[in-house]
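*Asks:* Give me the fold of what follows.
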Amino acid sequence: MTHDDVGSVTSETEICALGSDEWHVLRDVKLRALQESPDVFEEHLSEVLAWDSVRWRRHVSQSGDELKRIFVARVGKRHAGMVYVASDKRSSGTGYIGSMWVAPHARGAGIGSRLLETALSQIQSWGLHRARLCVAEGDTSAISLYRRAGFSETGVSKPLPSQCSITVIEMHRQY
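*Replies:* All right, here's what the predicted structure looks like:
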């Protein structure tokens, strides 16, 4: 990507929260992400391909007192990334960030930073005081992004459910 390409990607980028009627957008972006980067997601592509429209709607919709949002980055009419954010069921007062992905054509343009900032703002707007995420230990670009945003390693690691040969590390940030 040239310097001019990065400038045009950044200036045309819009970060949008998906509504429950936009489940098909999530499906399209998530399937692209799983095909391109299968080693960074907890789900396996073959599993997600089997999801029906009810499952996709449930994935993008809030229910009851559940706090969750999915944001996508759009560059022009093309989706270029996504992030999932929710209240953490494991830890009160904590938001969880997951499914962070930026399309290869848009990497290096600051879209990951914008998606992460959006997720962190959402967590803060819910009144939560801590953010948690997991990242593949070999994904040095993502780890650097998270460190620049104030995240640090917790010391917790585990195998990635979709590929046990990959270890993910947990990172967190306080507000």
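*Asks:* Tell me which stretches of the chain form helices.
*Replies:* Assigned by DSSP state H, the helices in the chain fall at 3-11, 23-36, 45-49, 53-60, 111-125, 140-148.
*Asks:* Compare those helices and give me the one nearest Glu66.
*Replies:* When those are compared by Cβ to Cβ, helix 53-60 sits nearest Glu66, at 10.6 Å. C-beta coordinates here come from the backbone N, C-alpha and C atoms, glycine included.
*Asks:* coming back round to it: would you mind finding the most buried of the helices of the chain?
*Replies:* helix 111-125 (a mean of 19; mean count of other Cβ atoms under 10 Å).
*Asks:* quick one on the thing from earlier: what would the helices of the chain look like in JSON lines with mean pLDDT and distance to Ser91?
*Replies:* Supplementary listing: those in JSON lines, determined by pLDDT from 0 to 100; distance: least, Cβ to Cβ, whole Å:
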{"stretch": "helix 3-11", "mean pLDDT": "50", "distance to Ser91": "34"}
{"stretch": "helix 23-36", "mean pLDDT": "95", "distance to Ser91": "25"}
{"stretch": "helix 45-49", "mean pLDDT": "92", "distance to Ser91": "26"}
{"stretch": "helix 53-60", "mean pLDDT": "90", "distance to Ser91": "22"}
{"stretch": "helix 111-125", "mean pLDDT": "96", "distance to Ser91": "12"}
{"stretch": "helix 140-148", "mean pLDDT": "96", "distance to Ser91": "18"}
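*Asks:* Looking at the ones you listed, which is nearest to Val72?
*Replies:* helix 23-36 (5.8 Å).
*Asks:* Can you tell me which helices and strands that closest one packs against?
*Replies:* helix 45-49, helix 53-60, strand 68-75, strand 78-87, strand 94-102 (3 or more Cβ pairs under 8 Å, 6 or more residues apart in numbering; DSSP states H and E).
*Asks:* the inter-axis angle of that helix versus strand 78-87?
*Replies:* 100 degrees (axes from the mean of the first three to the mean of the last three Cα atoms, to 10 degrees).
*Asks:* ok, back up a step: now the helices and strands packed on helix 23-36 as TSV including distance to Glu117?
*Replies:* Below are the helices and strands packed on helix 23-36 laid out as TSV (distance: least, Cβ to Cβ, whole Å):
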stretch	distance to Glu117
helix 45-49	27
helix 53-60	21
strand 68-75	10
strand 78-87	10
strand 94-102	11
